[in-house]
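In: From the sequence below, what's the structure:
(one chain, ligands or ions: 2)
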Amino acid sequence: MNVLQQTMERIEELDQEMMEKARERVDSLIKPPHSLGKLEELAVQLSGISGVLYPEFDRKAIIVMAADHGVYEEGISSNPQEVTYAQTMFIAKGITGVGVLAKTAGAEVVTVDIGVKGDFPNDAGVIGRKIRQGAGNIATGPAMTIEEAIRSLETGIAIAEAEIQKGANLLGTGEMGIGNTTPSTAILSVLGNIPSEEITGKGAGVGSGGISHKAQVIKKAIETNRPDKDNAIDVLAKVGGLEIGGMAGVMIGAAANRVPVVLDGYISTIAALIAVSIEPKVKHYLIASHASAEPGGKKASELLGIQPVLHMEMCLGEGSGAALAFPLVDAACRIMKEMATFSEVGLKI
Ligand SMILES: O=C(O)c1ccc[n+]([C@@H]2O[C@H](COP(=O)([O-])O)[C@@H](O)[C@H]2O)c1
Ligand SMILES: Cc1cc2nc[nH]c2cc1C
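Out: Ligands and ions are numbered 1, 2, ... in the order given. Purely as a prediction, here's the structure:
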């Protein structure tokens, strides 16, 4: 049995008894029923994950998986491919969007090279877990081999477990990879059985052929590789990407350790679809942060069956939305612990 299978076997259902207690507690707080909306559901979920009524998530980390994409050569992006390398360095330095938002939320950022083209200096602060120098061009062949896809998942598991070992009790997923909305949309097209033209967007900037060319490239990638819709590892290997596998692995690793994971935007949600297709129990450990401005985002969230809590029209990636939603996790914990109950204040309604 490989590490992936062993980790999946460790994933448990949520603590139903504790969730019932949490629901009772939420309903007894001095407020009209359900008036704290999604914060109430979040509080119950967090109790179910942690197995305690008053959980606290004081050690937060965003894991940013970075990788390149061979499909870049099809002209699907307006950005130079070298931005992946440069921005990964900047993410590790803490000077990008996710760095600032993570600081605001009191979270650490862990930057991982799982497949960036080019090698980072040892002192860059980037964890070196490169599986290959970028995924293959999915328009002409697979993104990676099945073995590499499993390695990408196991890399995510190992990174998540290392952070949890160091004390992290709340994780977020993020990524950096010029071109990665193309494989993300290919995955969504396959898993959701949705024509690529309906879900292709501009990403961080589309190439000169526009969105219609990008949708054609995605269609060609699916026709060329013929991924097996019922085998998420096959889909990941054929039309996915290394950072997508890495993030899916983080989710599986976190779930196995009963640690909640806050998803970022479009690419994170696609990684969640892969993780949940591999092991459905992972879903209960996931929290969706924000609705990405990318057009496929809505379909991806629907397919996953988890609605994002924030609507900020963001589409930066890097884990920025996850960082922004971390304080909501703290808020959910604090209402549980610090609000008074009707019986405590002697109020009857
Ligand atoms: O997270 C999102 O919702 C999101 C939506 C569109 C683009 N991005 C970011 O932009 C890059 C991918 O865009 P593209 O156009 O190069 O495929 C990648 O580095 C992502 O982090 C991120
Ligand atoms: C500048 C830049 C920053 C990013 N961060 C995540 N994806 C990105 C894409 C670009 C182009």
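
In: show me the contacts for His290.
Out: For His290, the contacting residues are 264-265, 308-312, 314, 321, 324-325, by CB atoms under 8 Å, 6 or more residues apart in numbering. Bear in mind the C-beta positions are built from the backbone N, C-alpha and C, glycine included.

In: What is the neighbour count of Gly205?
Out: If you count neighbours by other CB atoms under 10 Å, Gly205 ends up with 11.

In: in stretch 281-292, what's buried?
Out: Residues 282-292 are the ones in stretch 281-292 that count as buried (16 or more other CB atoms under 10 Å).

In: His311 - how many residues pack around it?
Out: Number of residues near His311 (other CB under 10 Å) recorded here: 9.

In: For the residue lying closest to it once chain neighbours are set aside, grab phi and psi.
Out: The shortest distance from His311 to any non-neighbouring residue, by CB to CB, 6 or more residues apart in numbering, is to Ala291 (5.1 Å). Reported as degrees, to the nearest 10, the phi and psi values for Ala291 are phi -80, psi 110.

In: which parts of the stretch 201-349 of the chain sit against ligand 2?
Out: Contact residues, the stretch 201-349 of the chain versus ligand 2 (CB under 6 Å from any ligand atom): 204, 316-318.

In: One more: the stretch 1-150 of the chain?
Out: So the stretch 1-150 of the chain meets ligand 2 at 79, 83, 87 (CB under 6 Å from any ligand atom).

In: show me the contacts for the first one.
Out: With contact taken as CB under 8 Å, 6+ apart, Asn79 is in contact with 178, 204-205.

In: Of the contacts of His290, which pair is most distant in space?
Out: Asp264 and His311 (14.4 Å; CB to CB).

In: thinking again about what came up before, between the residues of the stretch 1-150 of the chain next to ligand 2, which sits nearest Val329?
Out: Nearest to Val329 among these: Gln87, at 26.3 Å, using CB to CB.

In: How about Glu148: what's its closest non-neighbour residue?
Out: The shortest distance from Glu148 to any non-neighbouring residue, by CB to CB, 6+ apart, is to Ile131 (5.4 Å).

In: tell me, how many neighbours does that neighbour end up with?
Out: 22.

In: check contacts around it.
Out: Counting by CB under 8 Å, 6+ apart, Ile131 makes contact with 114-115, 144, 148, 151-152, 155, 242.

In: what about Met312, which helix or strand?
Out: Counting by DSSP states H and E, Met312 is held by no secondary-structure element, helix or strand.

In: That one and Val261, how far apart?
Out: 19 Å (CB to CB, to the nearest Å).

In: When these two are compared, which one has more neighbours?
Out: Neighbour totals were compared for Met312 and Val261, and Val261 leads with 26 against 17 (other CB under 10 Å).

In: Farthest pair within the contacts of Ile131?
Out: Across these, no pair lies farther apart than Met144 and Thr155, at 12.1 Å, counting by CB to CB.

In: joint contacts of those two?
Out: Taking CB under 8 Å, 6+ apart as the contact rule, Met144 and Thr155 both touch 131, 245.

In: Without its sequence neighbours, what residue ends up closest to the residue nearest the centre of the chain?
Out: Residue closest to the mean C-alpha point of the chain, counted by CA atoms, centre = their mean, is Ser268 at 3.1 Å. Nearest non-adjacent residue to Ser268, counting by CB to CB, 6+ apart: Thr173, 4.6 Å away.

In: Then Glu197?
Out: The shortest distance from Glu197 to any non-neighbouring residue, by CB to CB, 6+ apart, is to Ala215 (4.5 Å).

In: What about the residue in the stretch 101-250 of the chain positioned nearest to ligand 2, how many residues nearby?
Out: Relative to ligand 2, the nearest point of the stretch 101-250 of the chain is Ala204 (4.0 Å; CB to the nearest ligand atom). Using other CB under 10 Å, Ala204 has 18 other residues around it.

In: same check, this time on Val126
Out: Neighbours of Val126 (other CB under 10 Å): 24.

In: Looks like it contacts Ile114 (just checking).
Out: No: judged on CB atoms under 8 Å, Val126 makes no contact with Ile114 at a distance of 10.3 Å.

In: got any residues that touch both of these two?
Out: With CB under 8 Å, 6+ apart, Val126 and Ile114 have common neighbours Ala66.

In: low pLDDT regions in the stretch 51-200 of the chain?
Out: Residue ranges of the stretch 51-200 of the chain with pLDDT under 70: none are present.

In: Wasn't Ile159 part of a strand?
Out: No: applying DSSP: H, G, I helix; E, B strand; the rest coil, one finds Ile159 to be helix, outside a strand.

In: So it sits against Asp113, correct?
Out: No: using CB under 8 Å, Ile159 is not in contact with Asp113; the gap is 11.2 Å.

In: so what sits against both of these two?
Out: Residues touching both Ile159 and Asp113 by CB under 8 Å, 6+ apart: 127, 129.

In: Those two: which has the busier surroundings?
Out: Looking at Ile159 and Asp113 with other CB under 10 Å, you find the greater number of neighbours at Asp113, namely 30 against 24.
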